[in-house]
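A.B. asks: With the input below, show me the fold.
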Amino acid sequence: QRQMCIRDSNNFIDHIASRIKFEQESLTDPLTGLPNRRHMEIFMEKFMPASRRTGHEFQVVMIDIDYFKQYNDTHGHLQGDKILINLAALVNKNIHSSDLFVRYGGEEFILILTAVNSEDCLPFLTELMIKIEKELQVTISLGLASSTMSDDFNQLLNLSDRALYKSKQQGRNQFNMAQP
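C.D. replies: Numbers count the residues shown, from 1 in each chain. Next up is the predicted model:
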């Protein structure tokens, strides 16, 4: 009887551990270890109302590695994966613990700068671009949208995406601020 109870307890504990591991894996990009899109959506569901209540401005920055397909074609996908991994580490090393850096898909990332206005983040983004080019020998393009432009996170993503597109159209290796 006691051994059956212990076995059932161990099975229950294993089941809970498996569920926790599955939940963590479902919120994390397996290559870079960054939070993924789903994690970002859950985070923003909680963060947006808190930001509105406190009146804190935040920034949504869409980041894309310039000419990444060509990089993969020239250097191979393993080297491309290393760039993604190293970019994740470099950006994470340079942001605040309250910020969120997410692998959005492919070579696109989202950076949520949680407690900064758009003007104050511009020098940081410029410095980040320089560090990435110097340390990783790739350039990035960015699109920036401020929370002052919309109360809807999907709209902020759309605005940052359009600003990113403008950066790419204008020659890459730059950032643009979204226009409401």
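
A.B. asks: Next, count neighbours for residue 134.
C.D. replies: Applying other CB atoms under 10 Å, we find 8 residues neighbouring residue 134. Placement of C-beta: from N, CA and C, glycine included.

A.B. asks: That one should be in a helix, yeah?
C.D. replies: Yes: checked against DSSP: H, G, I helix; E, B strand; the rest coil, residue 134 lies within a helix.

A.B. asks: How confident was the prediction at the most centrally placed residue in the chain?
C.D. replies: The residue lying closest to the centre of the chain (CA atoms, centre = their mean) is residue 102, at 1.9 Å. At residue 102, the predicted lDDT confidence score is 98.

A.B. asks: Let me see the contact set for it.
C.D. replies: Applying CB atoms under 8 Å, 6 or more residues apart in numbering, we find residue 102 in contact with 34-37, 39-40, 109-112.

A.B. asks: As CSV, could you dump the C-alpha coordinates of the helix or strand containing residue 125?
C.D. replies: If you go by DSSP states H and E, residue 125 is part of helix 118-136. Taking C-alpha atoms only, helix 118-136 is exported to CSV below (Å, rounded to 0.1, in the frame of the first residue of the first chain):
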residue,chain,number,x,y,z
SER,A,118,11.2,57.4,-27.7
GLU,A,119,13.8,60.2,-27.7
ASP,A,120,15.8,58.7,-24.8
CYS,A,121,16.0,55.3,-26.5
LEU,A,122,17.5,56.6,-29.8
PRO,A,123,21.1,56.8,-28.5
PHE,A,124,20.7,53.3,-27.0
LEU,A,125,19.5,51.9,-30.4
THR,A,126,22.3,53.6,-32.3
GLU,A,127,24.9,52.2,-29.9
LEU,A,128,23.3,48.7,-30.1
MET,A,129,23.5,48.8,-33.9
ILE,A,130,27.2,49.8,-33.7
LYS,A,131,28.0,47.0,-31.2
ILE,A,132,26.2,44.4,-33.4
GLU,A,133,28.0,45.5,-36.5
LYS,A,134,31.4,45.5,-34.7
GLU,A,135,31.0,42.2,-32.8
LEU,A,136,29.0,40.2,-35.2
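
A.B. asks: ok so, going back, of the contacts of residue 102, which is the nearest to residue 123?
C.D. replies: Residue 123 lies nearest to residue 111 out of the contacts of residue 102, by CB to CB, at 14.8 Å.

A.B. asks: so the closest one bridges to which residues?
C.D. replies: Residues in a beta bridge with residue 111, per DSSP bridges, are residue 61, residue 101.
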